[in-house]
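Novice: got a sequence here, can you build the structure:
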Amino acid sequence: MRKHRFLLQLILLLLFMGISSAVFPDTVVMFSSGDCTIDLLGNGRWEQAAVGLKLSEGSTIRTGHDGELELEIDRERVSVGRDTEVSVKSLLSRLGDRKKLAWFSDLSPVIKNLIGARSKQMETALMGVRGVAEEEEELDWMGEIEADEPTALFENGKQMYKEGEYGKAINIFKDLITDKTVDPMRPEVVFYLGSSMFHTMQYEESLSYLEESMERKDAYYYEVALLHSSFAHYFSRDYRGAIDGFGSYARDFSEGTFAPYALLMLGKSHKALGEPDQAKRYFLKIGTAYKNTEVYTDAMNELQGL
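Specialist: Predicted structure coming up:
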């Protein structure tokens, strides 16, 4: 009898372990620098982060003024910049929300390329202006900036951003926004800071920076800032804010690459708010204009049950 009871307990334990591992994806510290501590079990006992440390759903991460940490969660890399406290549970929830939009990850490299292309166009235009007006003191709408330490740091931050090193980029751009000498290029700095935070799923924190960077609609990064801020509102479950953002995008960039996605997100936001008539309008518009696309399939699926 005892043997049977032991076997039953062992089977139940193995089942529980299997279910737990299936529900909770592997979360491992891949990189840690500076002041980074982890409350591993959620009991208030903080320990120094270390590469290879496995975290639980109840773990909380805290970084100090010079901290930077990178996790691998379910084969996805997630960076945490300095002066941040975040729970693994919240990161899992945000990652799950992002994965529900199966096409969203495919957009990231396209959006990055868009920033790069627009930035190069601006640099080319400025070179032309400099060639014509070599004697002028101000050659750029941002102001003439010498190649000093802050400018070099800014270029380093942009490179970290391009390489997906968002934790490093966040730390660099946070330092830069406190430096008065970079005020002429502050809109660009806050764009990269907000966008880096967006990529690390710090959606609420990213919004003030992204929205500040959007004050100039002629800036080369405006379209991307508008997209990121719209998605940040959506992932923060601020669906009214998402509707405002995606609505602006649908109007300003109606012929752009991401126009059908903006329509889809407008429909999804109205659906989340329990506004089926408005949601149907956007889904049906996709059905008319974007057949035989992934967006069309998603829109038709969203129509189910409305």
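
Novice: going by C-alpha atoms from here, please, whenever you check contacts or count neighbours.
Specialist: Fine.

Novice: could you report the pLDDT at residue 200?
Specialist: Listed pLDDT for residue 200 reads 91.

Novice: which residues are in contact with it?
Specialist: 78, 79, 80, 166, 167 (Cα atoms under 8 Å, 6 or more residues apart in numbering).

Novice: any idea how far it lies from residue 166?
Specialist: 7 Å (Cα to Cα, to the nearest Å).

Novice: quickly list what's touching both of these two.
Specialist: Counting by Cα under 8 Å, 6+ apart, the residues touching both residue 200 and residue 166 are 79, 80.

Novice: okay, now residue 189: neighbour count?
Specialist: By other Cα atoms under 10 Å, 24 other residues sit near residue 189.

Novice: any idea how this structure splits into domains?
Specialist: As assigned by automatic domain parsing, the chain contains the domains 23-93, 104-303.

Novice: ends of the last one, how far apart?
Specialist: Same thing as domain 104-303. 20 Å.

Novice: on that earlier part again, please check the contacts of residue 200 and keep the buried ones.
Specialist: 78, 79, 80, 166, 167 (16 or more other Cα atoms under 10 Å).

Novice: which residue packs closest to residue 272, ignoring adjacent ones?
Specialist: Distances taken as Cα to Cα, 6 or more residues apart in numbering place residue 239 nearest to residue 272, at 7.4 Å, with adjacent residues excluded.

Novice: residues near that neighbour, how many?
Specialist: 23.

Novice: what pLDDT is listed against it?
Specialist: 98.

Novice: go on, residue 216?
Specialist: 89.

Novice: over to residue 128?
Specialist: 48.

Novice: now swap in residue 9 and tell me
Specialist: Predicted confidence (pLDDT) for residue 9: 48.

Novice: got it, and residue 26?
Specialist: 85.

Novice: now for it: which residues touch it?
Specialist: 54, 55, 72, 73, 74.

Novice: if you set the cut-off to 6 Å instead, what comes out?
Specialist: Contacts here follow Cα atoms under 6 Å, 6 or more residues apart in numbering; on that basis residue 26 touches 73, 74.

Novice: distance check, it against residue 39.
Specialist: 17 Å.

Novice: what about stretch 229-248, distance to the chain center?
Specialist: Remark: stretch 229-248 is offset 13 Å from the chain centroid, using Cα atoms, centre = their mean, to the nearest Å.

Novice: quote the end-to-end distance of it.
Specialist: First-to-last distance for stretch 229-248 - Cα to Cα - comes to 11 Å.

Novice: buried sites along that stretch?
Specialist: 229-236, 238-239, 241-243, 245-248.

Novice: what does it contact?
Specialist: So stretch 229-248 is contacted by 203, 207, 262, 266, 269 (Cα under 6 Å, 6+ apart).

Novice: nearest to residue 102 among the residues you listed?
Specialist: Using Cα to Cα, the shortest approach to residue 102 within the contacts of stretch 229-248 belongs to residue 262, at 15.0 Å.

Novice: now the closest one. Nearest residue, chain neighbours left out?
Specialist: residue 246 (5.2 Å).

Novice: quick one: secondary structure of the one you found?
Specialist: Assigned by DSSP: H, G, I helix; E, B strand; the rest coil, the conformation of residue 246 is helix.

Novice: ok, it to residue 61 distance?
Specialist: Residue 246 is 32 Å from residue 61, by Cα to Cα.

Novice: report the buried residues of stretch 195-212.
Specialist: 195-204, 206-207, 209-212.

Novice: and for stretch 275-289?
Specialist: Buried, per 16+ other Cα under 10 Å, within stretch 275-289: 276, 279, 280, 282, 283, 284, 285, 286, 287.

Novice: please apply the same query to stretch 76-89.
Specialist: Under the neighbour-count criterion of 16+ other Cα under 10 Å, stretch 76-89 has 77, 78, 79, 80, 81, 82, 87, 88 buried.
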